[in-house]
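In: Could you look at this predicted model? Sequence included:
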Amino acid sequence: MPPVKDAPDEKNCEVEKCSQKAERSVNARKALKAGLAVKEERGNVHLCREHYRQFKKGTKEERKLERLGW
Ligand SMILES: [Zn+2]
């Protein structure tokens with residue numbers, strides 16, 4: 001793996017079986033929690049638009065709970 005540089009356009013989605021262009025990077029653990037099959041468990045993983053949507057869905061409940069906690 002080459003070192004990470006400022007080239008946001010050259011990353012691909014890191015969810016298994018997906019090779020779409022990545023648009024976002026998110027916390028890997030949260031991605032796993034959200035039910036995404038990412039290879040990494042540490043740091044950040046890159047997600048395509050579609051998987052980012054799934055990610056948001058998967059983390060929604062947690063956020064809601066956090067909000068209710070106020
Ligand atoms: Zn993807």
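Out: On my side now, so go ahead.

In: If you count neighbours, what's buried in the helix-or-strand element of the chain with minimal mean pLDDT?
Out: None of the helices or strands of the chain scores lower by mean pLDDT, DSSP states H and E than helix 49-68, at a mean of 82. Residues 51, 52, 54, 55, 58, 59 are the ones in helix 49-68 that count as buried (16 or more other C-beta atoms under 10 Å). Bear in mind the C-beta positions are built from the backbone N, C-alpha and C, glycine included.

In: got the contact list for that helix?
Out: 13, 15, 18, 20, 23-24, 26, 30-31, 33-36, 47 (C-beta atoms under 8 Å, 6 or more residues apart in numbering).

In: could you dump those residues to CSV with secondary structure, pLDDT and neighbour count?
Out: Converted to CSV, the contacts of helix 49-68 look like this (DSSP: H, G, I helix; E, B strand; the rest coil; pLDDT from 0 to 100; neighbours: other C-beta atoms under 10 Å):
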residue, secondary structure, pLDDT, neighbour count
13, coil, 96, 23
15, strand, 96, 23
18, coil, 96, 16
20, coil, 94, 14
23, coil, 95, 16
24, strand, 95, 18
26, strand, 96, 20
30, helix, 94, 16
31, helix, 96, 27
33, helix, 93, 13
34, coil, 94, 22
35, coil, 95, 11
36, coil, 96, 22
47, strand, 96, 28
